[in-house]
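Trainee: this is the structure alone, sequence omitted:
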């Protein structure tokens, strides 16, 4: 992992610890986190910056065949740095939240498209691999932090992913896709004082599955390359969630 990426993730935490975490005492495991305040319809939204690493084709890549040569190969898994800006707001319904996020792969190689995984040489021209994507949807708290003494939580997300076209029948550059996620947060700094910024920093993991809009078996994407099996769009994203807005009541 590049040293610049490690420094980017760790530096904010160290700065917060030096500025606001002096006199830290270990938080009792028996102490329960304060329950969230009720709100009318939609609560005050929170914003988080989430740098992480995305691993595509988590359970092996799809098999594709060159129509020119008949040769078959399995598309490899790839790892890229991903930057997510997420906005979330609780609703008046228990455990239900609404969210929106923008995802960006700033360091993705220009020699490979991170969505179709084809190289520039295969496509015959350079690939711009750093276009952002947008997701909007609803989140249900499966395991709230209050039930784990504030140490971790688990949520299930259903969203609309607006990202680059991937089917041979797509008639626009971006298309809507059904996106399903399992999102876990480890409250690794829960032992710090509640008033510090570091206390709200978490380690997140997202098991992501794009259910629609990706190549299926029999699709020719791009022209001359046939998908023998479906795209297998399961990915894993892991990183740090850094709060931007003040804590919500």
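Mentor: That came in fine, so what should we check first? Computed from a prediction, not measured in an experiment: that's the story for all the values here.
Trainee: following the lowest-mean-pLDDT helix or strand in the chain, which helix or strand comes up?
Mentor: Within the chain, no helix or strand scores below helix 3-20, which has a mean of 40 by mean pLDDT, DSSP states H and E. Counting by DSSP states H and E, the element after helix 3-20 in chain order, helix or strand, is strand 46-55.
Trainee: contacts for that next one?
Mentor: With Cβ atoms under 8 Å, 6 or more residues apart in numbering as the test, strand 46-55 has contacts from 1, 5, 8-9, 77-89, 105, 204, 235-245, 247-248. Every C-beta, even on glycine, is put in place using the N, C-alpha and C of the backbone.
Trainee: what stretches of the protein score poorly on pLDDT?
Mentor: Residues of the chain that meet the criterion pLDDT under 70 lie in 1-37, 108-129, 249.
Trainee: quick one, helices of it?
Mentor: In the chain, the helices defined using DSSP state H lie at 3-20, 120-123.
Trainee: contacts only, for residue 60.
Mentor: Going by Cβ under 8 Å, 6+ apart, residue 60 touches 74, 77, 232.
Trainee: how close does the closest residue in space to the last one that isn't next to it in sequence sit to residue 79?
Mentor: Translated: residue 232. Setting aside the residues directly before and after it, residue 232 is nearest to residue 62 in space (Cβ to Cβ, 6 or more residues apart in numbering), at 5.1 Å. Distance of residue 62 to residue 79, given as Cβ to Cβ, to the nearest Å: 18 Å.
Trainee: could you do residue 247 as well?
Mentor: Applying Cβ to Cβ to residue 247 and residue 79 gives a distance of 33 Å.
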